[in-house]
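Participant: Predicted model, plus sequence, below.
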Amino acid sequence: MGHLFHDTCFTCSVCSKKLSRQPFFTVSRKIYCEDDFLYSGVHPSPEVCISCGYLIKDMVLQAHGKSYHPSCFRCVICRQSLEGLPFTVDTDSRIYCVSDYHKVQAPRCAACRMPILPTEGCTESIRVVSFNRNYHAECYGSDVNLI
C-alpha cells in the first residue's frame with residue numbers, strides 16, 4: 001500500500017482487529033479484516049453458494065444461473081463431484097450426473113419394471129410404446145397383459 005504502519009496501528013477500519021500476519025483488504029484507502037470485508041457490505045455483491053449457503057471466497061462455479069463452490073457442485077443422488085463433468089438438471093433445478101438422471105427420469109418397462117436406459121456408450125435409448133405403455137425392445141411381447 002506504500003505506507004509503513006506500527007504493528008499496533010495496522011488494524012481493521014471497522015472492528016479495529018490487529019491485521020499483522022492476517023489476510024486484509026483495502027477499499028478506498030481503508031483497511032478491512034477478511035470478515036468485515038466479506039460480511040459488512042464493503043465487498044461488492046459477494047457470491048453465496050446455493051448448495052451450502054456460505055460465501056464463496058475463491059473460485060465460483062456457475063451453472064444453470066446459480067453459484068457454487070466447486071466442491072459443492074455434486075449429483076443429488078450419488079454425491080459425485082460434477083466439476084468439469086457433463087451434468088443435467090431436472091424441472092426442479094436439481095443437478096444430476098448423466099447416469100443417475102437416466103436412472104431416475106427414464107420411463108419404466110411395463111413388462112420387467114426396470115428403467116429403459118441407453119446402452120453403454122450411447123446417449124439414446126430404444127423403447128417400444130404400445131397402448132401408452134413403455135417397453136424395452138426385448139421385453140415387448142413377453143408381457144402377458146398386452147391386451
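Facilitator: Nice, I can see it.
Participant: Hmm, K18 and T11 touching each other?
Facilitator: Yes - the pair T11 / K18 is scored as a contact, 5.6 Å apart, by C-beta atoms under 8 Å. Where you see a C-beta, it was placed from the backbone N, CA and C, and this is true even at glycine.
Participant: So the two - more neighbours on which side?
Facilitator: T11 (18 against 13; other C-beta atoms under 10 Å).
Participant: in this structure, which segments are predicted with low confidence?
Facilitator: Along the chain, segments meeting pLDDT under 70 span 1-2, 40-46, 142-147.
Participant: ranges for the strands of it?
Facilitator: Using DSSP state E, the strands found in the chain span residues 24-27, 30-33, 61-63, 66-68, 87-89, 95-97, 127-130, 133-136.
Participant: among those, which is the most enclosed?
Facilitator: strand 95-97 (a mean of 22; mean count of other C-beta atoms under 10 Å).
Participant: Okay, domains of the protein per the record?
Facilitator: 1-46, 61-103, 108-147 (automatic domain parsing).
Participant: a markdown table please, covering those and showing distance to L55.
Facilitator: Formatted as a markdown table, the domains of the chain follow (distance: least, C-beta to C-beta, whole Å):
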| stretch | distance to L55 |
| --- | --- |
| domain 1-46 | 5 |
| domain 61-103 | 9 |
| domain 108-147 | 37 |
